[in-house]
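> just coords:
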DNA sequence: GAGCTAATAAGACTAAAGTGGAATAGATTC
DNA sequence: GAATCTATTCCACTTTAGTCTTATTAGCTC
């Protein structure tokens, strides 16, 4: 019996992938989640999970943040990324963040099955056309990811708005809190990321492509 | 008679490419330059240039800035990029900035000649393995590049230091000018880029990968 | 020489950013 | 139930950022 979770915010894609995998892989059991919170809940109540198939663009996820959080809270859970884009820099980052594979959403069902089997067998799976490109990417700084993982949800949101170029006053409006609170969060963010001004925070967020989960893709 | 300029800060590479091209292409005339300033000077005194082969990582160049400046001051000069990296996002940006080709430095001499001939014939030349990746890149905002091209050299340096996360005081120290002058430059930068705070400036610089020319590659 | 722009810089001012406590509420621990 | 911890909230205060004005110097154009 193989146990999977499909984490993706698109219901149609979830069910399509789910039934495709049931046809391709015998004796598979599939749970589904649609955002970062529900994925974390799902992970808590699931024992003996064999693989989490994680979309990068989920609400609350913000590209790498979702993976970083999951890797921090459930370091023993195997994770494979399913993604609509094929940015080689991002592929390199998710692999270094601990993902065991990167499967483009446009792949054929057979390819999904091959990738999943390879990962269950202990391999790291990448699409052929990206293997070379990923090798040539510079190694991301893992310590930065660990620091970002320490941020609280509210601090993460503030960091994302920083990344949008908003003023403290505007961030306060977006989150319906006072400007003083935004400042307090920002000071806390600086401490955790070991930096001392917002520009450096923006650069880190930019490098990790952090963003507040939207409803796209 | 075909007239070329090779702009690269690495003397060994220049001479190697120069002699390789002389062997591959008949009746070719090659000039050389080693940084952005000498390239601009070279362009001024050269008439009827057929192609400029431009390295992105030259002193004073800062990835895209060199190309942007050249496209602004010499819009009629055909430019092909030669680069050590093969970042598909950057390839898309240089093409949209008006480059007519992107030749990886690791290419064979025959490939260089093919690329140059294709460009001289009016084509846009890209390496086979990048064509598909470039297509899928989002279109960069051309207007931003035009705005950055309006910056003076000193303003450009200030923008680069902003991008490093430095305070005005620190930038003043680095450039040996007063903090008041730094502020004046920053205000001018905001006007030209049509933004209103330093975070947005950093994001633009980050997107264009602006940087003060180093002696690497 | 008149007019233009880039670069420099000072003073004075407004707005924004950032730091140090400190209070509250919820969860956990003992 | 008391103690502890953390996330969140906020005020008071200092520092930094950014604008406006004015002014000097140098180079370039016509």
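On my side now, so go ahead. Quantities reported herein were computed from a predicted structural model and do not represent experimental measurements.
> just the element for the residue of chain A positioned farthest from its centre, please.
The centre of chain A is farthest from one residue, residue A:180, which by C-alpha atoms, centre = their mean lies 30.2 Å away. Assigned by DSSP states H and E, residue A:180 belongs to helix A:179-193.
> again, but for residue A:67
Using DSSP H and E, residue A:67 sits in helix A:64-73.
> ok, residues contacting that helix?
A:36, A:39-40, A:43, A:52, A:54, A:56, A:58, A:60-61, A:77, A:79, A:81, A:90, A:93-94, A:97-99, A:145-146, A:148-149, A:156, A:208-210 (C-beta atoms under 8 Å, 6 or more residues apart in numbering or on different chains). Where you see a C-beta, it was placed from the backbone N, CA and C, and this is true even at glycine.
> now check that helix, is it near DNA strand D?
No - in terms of C-beta under 7 Å from any atom of the strand, no part of helix A:64-73 sits within range of DNA strand D; the closest distance is 11.9 Å.
> give me the subset of the contacts of helix A:64-73 lying in helices.
Those of those mapping onto helices are A:36, A:39-40, A:43, A:90, A:93-94, A:145-146, A:148-149, A:156, A:208, per DSSP state H.
> picking that back up, the helix holding residue A:67 relative to helix A:36-44, how many degrees between them?
Put simply, helix A:64-73 runs at 20 degrees to helix A:36-44, going by axes from the mean of the first three to the mean of the last three C-alpha atoms, to 10 degrees.
> okay, buried residues for helix A:64-73 please.
Buried residues in helix A:64-73, counted by 16 or more other C-beta atoms under 10 Å in any protein chain shown: A:64-71.
> now do it: distance to the chain's middle.
Using C-alpha atoms, centre = their mean, to the nearest Å, the mean C-alpha position of helix A:64-73 is found 6 Å from that of the whole chain.
> coming back round to it: who are the packing partners of the helix holding residue A:180?
Here helix A:179-193 is seen to pack against helix A:142-149, helix A:153-163, helix A:168-175, helix A:198-208 when contacts are counted using 3 or more C-beta pairs under 8 Å, 6 or more residues apart in numbering or on different chains; DSSP states H and E.
> could you dump those into TSV and include mean neighbour count?
Converted to TSV, these look like this (neighbours: other C-beta atoms under 10 Å in any protein chain shown):
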stretch	mean neighbour count
helix A:142-149	16
helix A:153-163	20
helix A:168-175	16
helix A:198-208	20
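> lowest average pLDDT across those helices?
Lowest mean pLDDT within the helices and strands packed on helix A:179-193: helix A:142-149, at a mean of 75.
> who in chain A is up against DNA strand D?
Contact residues, chain A versus DNA strand D (C-beta under 7 Å from any atom of the strand): A:152-155, A:175, A:177-178, A:180-181, A:183-185, A:188, A:197.
> next, the contact list for the nearest residue to residue A:194 once chain neighbours are set aside, please.
Leaving aside its sequence neighbours, residue A:194 sits nearest to residue A:147 (C-beta to C-beta, 6 or more residues apart in numbering or on different chains; 6.8 Å). By C-beta under 8 Å, 6+ apart, residue A:147 lies in contact with A:192-194.
> which one of the residues you listed is nearest to residue B:111?
residue A:193 (43.6 Å; C-beta to C-beta).
> in chain A, what spans have low per-residue confidence?
Low-confidence segments of chain A, defined by pLDDT under 70: A:59-63, A:85-86, A:132-143, A:210-217.
> what's the domain layout of it?
As assigned by automatic domain parsing, chain A contains the domains A:3-135, A:151-207.
> of all the ones you listed, which one is nearest residue B:32?
Of these, nearest to residue B:32 by C-beta to C-beta is domain A:3-135, at 31.0 Å.
> still on that earlier bit, residues contacting the residue farthest from the centre of chain A?
For residue A:180, the contact set (C-beta under 8 Å, 6+ apart) is empty.
> now that residue A:29 has come up, it's in contact with residue A:6, right?
No - assessed by C-beta atoms under 8 Å, residue A:29 is found out of contact with residue A:6, at 11.4 Å.
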